[in-house]
Each structure stands twice: as C-alpha cells, then as structure tokens.
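> No letters, just coordinates:
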Ligand SMILES: Cc1ncc(COP(=O)(O)O)c(C=O)c1O
C-alpha cells in the first residue's frame, strides 16, 4: 500500500484496477486508507479486527464509491448528480458534488428519524438541494431511477451506478494489504446490498491476481425488521432503529446473493437490541464510535460465533461502515445521565463513582 504520507485517495492508488474511463479526472478528498484496528475485547477468542470506514472524509464508506462515480460523471459531462439516500450517500454525494462544482439533488425519506441528523447537516452544509420524499428509501430510489432515465444530463450516483461498486471494492484491497491476506471471515452490514457485493469483487480480484491467497467467508448482517435477504422476500415497510440499513428492496440483491453463495457465507438477521448492545460495546469497551447500522456487523459476528459458525481462533474483520457522529441523537439517548454541579472541585468530584471519591 502507498505510504500514508503520500496517500492521495483510492483513484490515485488503484486506478488501473478500476473500470474508470481513461479520460476521467481524479476527483478526490483522499478517501480510503482507513485504519484496521484489532479488537481488545469484542473478539471473544477470535482474532477480530475493525475496518474503520467512519474515518473517510464524510464519515462513511460511501466516499470510496462516490470518488469514482463522480469522476466518471465528470468525464461524461453530467450537469448534475442525483441520488436517493438513507443519509450517508447524500452526505457523500453532496461533498463530492461541491468539489466537482456540480449541483446535487438528494432525495431522502421524510419523517422523524428517517435520516440521522448529522447526515442531513452534512448535505445542507455542502450546499446540496435536499428533497424530503413522502415515502421510504425504496420508493425514493425508484423515483430517482426514473428521473435519471429521463434525464441524460443527470448522473445517478446510487450504488446501482457500477462505478460506485468499483470504488467500494478498494476496501477489500486494503484489508488484504493490511493483514497480508484476506481474513477467514468478513462481517458487514447489508442494506441496499452494494457494499457486500463490492467487497466480494475486491477479494476475488485480489485472489485472482495472486495478491491474496484466499477469499473470506461472508456474513451479511441485516436488521431483523429489514431483512429481505435473510427471509428471501422483499419487505414493504422495513423497520429498524439503524436507519442507514432500513431498506426492504435491495437494488443489488442479486449480486449479494451470488456473493454470499460463492463465499459459503450467510445472511443473518440481528435484532435492534443486539445492534444497540454491539454499538454500546464498541464505544464503551473498544473506544470506537460508529453509527448503529455499522454495529450490525459486530452483532452479526457475535451471532455467528454463538451458533458455532465461526471457530474460536479464526481471523475476522468487521466493517464499521459509518462514524458515530452521524447520529448524535442516538448517542445522547444511549449515554449515562448527565450531572449538574457548582463550579467547585468538591462538587465536580462528587460525580465520581463512590469507590473513586477519596484519593
Ligand atoms: C453506515 C451504513 N452501513 C451500511 C450500509 C449498507 O450498505 P449497502 O446499502 O451497500 O448494503 C449503509 C448504506 O446506506 C450505511 O450508510
């Protein structure tokens, strides 16, 4: 891998591996090259590592795909970008659109808690046009696909755009480079099913080129109330507190099914309670603050471990797809109660737990 000091984003690092038109510019915010951090406690005997995708420029893995998709859109002379989003795609599209000097039209589900506040703030800060759609993500995606089909001057930057997956497969390249080979298992949250498909492509390409000696088995973790790939049928009204993966009709379902079958993997449904347990554990025991949807990967790993699918000493990577700051309301709701005090040493020290109150 390129040295961190010289890192200039995934297109610079991997252009010859990406099916990007030769005349496409390199539009980058220096995305990628994210940390792979070993777990201290969460592995429970396994050699577990976390791929921290929240360290990307807009705080999620979407930046990998967006860099490539927007570079491609520029090469094609697109006049604006359009997407539907549960929040992270819109934040990323807005940032790369700003950098490219293109307008961005973002369709997100309206309604309380449909999109986490941090993601809305990002889209607005980058100056994008935000459209609150009276429907869920699946309906918004169907609408923007129709819009893009009727407007040749628009670039649709959802993961149905093949360049998005091209960019996102670089996450798998990095995992191989960071570990020296593919792990035995990769656990990843699944919503619209693009990212798991992209990772699989990346691992297969690296094995074919001899850079990896093996491919991992895959765990695709879906929220129990939004688990079409676990149950084999689309979900009309997906429900979960993990709004980023509240998706009932995954656009890349066919690719993800093929990937999980080839990888001898599993789709697993994790409950909201399990997602929150993993979310709190990551923050409080590992010092890693991700958003709830990302914690589904750890919840999926624990479930697979309990079921005996993953053996005690195997090497596992959980992809933590987005930064915890995306969803400040959830973090505050899950936090310990705050304490008020007068500005004196004694009053502040009184907030310590009893066993620490005396020196
Ligand atoms: C934080 C986060 N994790 C996971 C996902 C799921 O990725 P995909 O839709 O590619 O399955 C998303 C999608 O929006 C996301 O924002």
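Great, that's in hand. Everything numeric in this text was worked out from a predicted model, so none of it was measured.
> Contact residues of the stretch 201-350 of the chain facing the ligand?
Within the stretch 201-350 of the chain, the positions near the ligand by Cβ under 6 Å from any ligand atom are 244-245, 291, 293-294, 321-322. Glycine gets a C-beta too; all of them are placed from N, C-alpha and C.
> swap the cut-off to 8 Å and go again
Within the stretch 201-350 of the chain, the positions near the ligand by Cβ under 8 Å from any ligand atom are 242, 244-245, 247, 250, 252, 256, 290-291, 293-294, 296, 321-322, 326.
> how long is stretch 13-20 end to end?
Counting by Cα to Cα, to the nearest Å, you get 13 Å between the two ends of stretch 13-20.
> Flag every buried residue along that stretch.
13-14, 17-18, 20 (16 or more other Cβ atoms under 10 Å).
> average pLDDT for that stretch?
The average pLDDT for stretch 13-20 rounds to 97.
> residue ranges for the strands of the stretch 51-200 of the chain, please.
Under the criterion DSSP state E, counting those that start in this stretch, strands of the stretch 51-200 of the chain are mapped to 80-84, 104-109, 129-133, 154-156, 185-189.
> Please list all residues in contact with residue 48.
By Cβ atoms under 8 Å, 6 or more residues apart in numbering, residue 48 lies in contact with 38-39, 42, 301, 316-318.
> Wait, a strand at it?
Yes: with DSSP: H, G, I helix; E, B strand; the rest coil as the criterion, residue 48 is located in a strand.
> List the contacts of the closest residue to it other than its chain neighbours.
Of all residues not flanking residue 48 in the chain, residue 39 sits nearest, at 4.0 Å (Cβ to Cβ, 6 or more residues apart in numbering). Applying Cβ under 8 Å, 6+ apart to residue 39 gives the contacts 48-50, 286.
> which of those count as buried?
The neighbour count (16+ other Cβ under 10 Å) marks 48-50, 286 as buried among the contacts of residue 39.
> Among the residues you listed, which one lies nearest to the ligand?
Lowest distance from the ligand to the buried ones among the contacts of residue 39 (Cβ to the nearest ligand atom) belongs to residue 50, with 13.5 Å.
> so how far is residue 334 from the closest one?
19 Å (Cβ to Cβ, to the nearest Å).
> same thing with residue 49?
Separation of residue 49 from residue 334 (Cβ to Cβ): 24 Å.
> confidence score at residue 1?
For residue 1, the predicted pLDDT is 51.
> what's the answer for residue 5, then?
69.
> buried set for stretch 299-319?
By 16+ other Cβ under 10 Å, the buried positions in stretch 299-319 come out as 299-305, 309-310, 314-319.
> Sort out for me which of those residues are in helices.
Residues of the buried residues of stretch 299-319 located in helices (DSSP state H): 299-305.
> Export those residues to CSV and append columns for pLDDT.
As requested, these are exported to CSV (pLDDT from 0 to 100):
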residue, pLDDT
299, 99
300, 98
301, 98
302, 98
303, 98
304, 98
305, 98
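> ok, so of the residues you listed, who is nearest the ligand?
Proximity of those to the ligand (Cβ to the nearest ligand atom) peaks at residue 300, which lies at 11.7 Å.
> So that closest one sits against residue 224, correct?
No: between residue 300 and residue 224 there is no contact under Cβ atoms under 8 Å: 11.2 Å.
> Name the residues contacting each of those two.
Each of residue 270 lies in contact with both residue 300 and residue 224 under the rule Cβ under 8 Å, 6+ apart.
> Ends of stretch 334-347, what's the gap?
With Cα to Cα applied, stretch 334-347 spans 25 Å between its terminal residues.
> For that stretch, give the mean pLDDT please.
Averaged over stretch 334-347, pLDDT sits at 96.
> what's next to that stretch, contact-wise?
So stretch 334-347 is contacted by 276, 279-280, 348, 350-351 (Cβ under 8 Å, 6+ apart).
> May I see those residues organised as CSV, with secondary structure added?
Compiled in CSV, those are given as follows (three-state DSSP):
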residue, secondary structure
276, helix
279, helix
280, helix
348, helix
350, coil
351, coil
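> Give the PyMOL command for selecting the buried subset of those residues.
Filtering the contacts of stretch 334-347 down to the buried ones (16+ other Cβ under 10 Å) takes a single PyMOL command:
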select buried, resi 276+279
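> Which of the contacts of stretch 334-347 sits closest to the ligand?
Distances from the ligand to the contacts of stretch 334-347, taken by Cβ to the nearest ligand atom, are shortest for residue 279, at 11.7 Å.
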